[in-house]
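> With the sequence up front, the predicted model follows.
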Amino acid sequence: MALTTAQVQGALGKGSASLQTAKSLQEVLTQAPKAGLVNYELEARLSIGELELRSGNCVNGRTQLEALELEALEKDATGKGFGLIAQRTITALKRSPRCS
């Protein structure tokens, strides 16, 4: 439930809502592996990356997507049999803007 709520907030919110969304997603990312919920962990990683993509934050000439290692997420999702998450990650990476 927390993951879905954070995803919706991330899609709708800006400013402080984005900060709260990021905190909620980080909490899911922390708790999901402890509970053995791989799908929630992967979804949280993807949602964090998508949130950063929408924010337009730049680090070293690229958005923070690279810092969040979405390339690694795609490989993890594929390796664990989560093809839809892998495909959504590829799509997010293709939309990743370059920063000047």
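Noted; the coordinates are in hand. In this text the structure is predicted, and so the values were computed from the model without any measurement.

> give me the low-pLDDT residue ranges for this structure?
For the chain, residues meeting the criterion pLDDT under 70 lie at 1-17, 55-68, 97-100.

> the strands in it, which residues?
58-59, 62-63 (DSSP state E).

> can you give me the helices in the chain?
Read by DSSP state H, the chain holds these helices, from start to end of the chain: 2-12, 16-34, 38-55, 64-67, 70-79, 83-95.

> Throw these into TSV and include mean neighbour count, thanks.
C-beta coordinates here come from the backbone N, C-alpha and C atoms, glycine included. TSV is the format used below for these (neighbours: other Cβ atoms under 10 Å):
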stretch	mean neighbour count
helix 2-12	16
helix 16-34	15
helix 38-55	21
helix 64-67	18
helix 70-79	18
helix 83-95	16
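
> what about Leu37, distance to Leu29?
According to Cβ to Cβ, to the nearest Å, Leu37 stands 11 Å off from Leu29.
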